[in-house]
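Engineer: model this:
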Amino acid sequence: MKYFLILFLIIFSGCSYKNAYTYFHFDTQQKSIASNTQTAIINLSPKLKGKVDVIYLNNVEKKPTKNERFFISIYLKPQQDFLFLLNKQKPIKVEKIYRENYYANKLYQDTAWNQYFIVTFLPTHSPTMDISIYTKNNNKKVATLSFLKY
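Structural biologist: Residues are numbered from 1 along each chain as shown. Okay, here's the model as predicted:
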């Protein structure tokens, strides 16, 4: 019986190839977005919780710019104003994006409580980038997410 079970497992386990994308039908762009997205939970108080998703756009877009660009989705109720820093440097441009945008649709997150931003920083020479998000009204750190350049 033991040999039958081993033979059975060898025959049927070697016949398939499965990975994380086997059961989902993603295009190349969606796979790139998924692998370049970082997520963090927001804990501003014991009751107030939210979520932040950050996509490093230079690794995703077909024609990346020389500047460092990020798409940031913040799910937090009530909505607040935020300050973004990349390796302790302020952005050169923060563009608030409204609902039904390309990257929010790729993340499958499009709710009335989400806030979307495209944040642009000057180029950094560091291989690792830490993007920190603070609330503007009380300067409390919401999240820090790390990305690798490649």
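Engineer: Direction included, what does the helix or strand containing Phe117 pair against?
Structural biologist: Assigned by DSSP states H and E, Phe117 belongs to strand 114-121. With DSSP bridges as the criterion, the sheet partners recorded for strand 114-121 are strand 68-75 (antiparallel), strand 93-97 (antiparallel).
Engineer: which outside residues touch it?
Structural biologist: With C-beta atoms under 8 Å, 6 or more residues apart in numbering as the test, strand 114-121 has contacts from 57, 65, 67-76, 79, 82, 84, 86, 89, 91-99, 101, 103-104, 131. The C-beta positions use only the backbone N, C-alpha and C, and glycine is treated the same way.
Engineer: looking at the chain, which helix or strand is least sure?
Structural biologist: Scoring the helices and strands of the chain by mean pLDDT, DSSP states H and E places helix 102-106 at the bottom, with a mean of 65.
Engineer: Any idea how far apart the tips of stretch 116-131 sit?
Structural biologist: Using C-alpha to C-alpha, to the nearest Å, the end-to-end distance of stretch 116-131 comes to 15 Å.
Engineer: how far out from the middle of the chain is it?
Structural biologist: Relative to its chain's centre, stretch 116-131 lies at 13 Å (C-alpha atoms, centre = their mean, to the nearest Å).
Engineer: Next: stretch 3-10.
Structural biologist: Relative to its chain's centre, stretch 3-10 lies at 43 Å (C-alpha atoms, centre = their mean).
Engineer: helix or strand right after the strand holding Phe117?
Structural biologist: Going down the chain from strand 114-121, the next helix or strand is strand 128-135, by DSSP H and E.
Engineer: If you count contacts, what does that next one end up packed against?
Structural biologist: Under the contact definition 3 or more C-beta pairs under 8 Å, 6 or more residues apart in numbering; DSSP states H and E, strand 128-135 sits against strand 49-56, strand 68-75, strand 82-86, strand 141-148.
Engineer: so of these, which one's packed in deepest?
Structural biologist: Across these, averaging neighbours per residue (mean count of other C-beta atoms under 10 Å) puts strand 68-75 on top, at a mean of 22.
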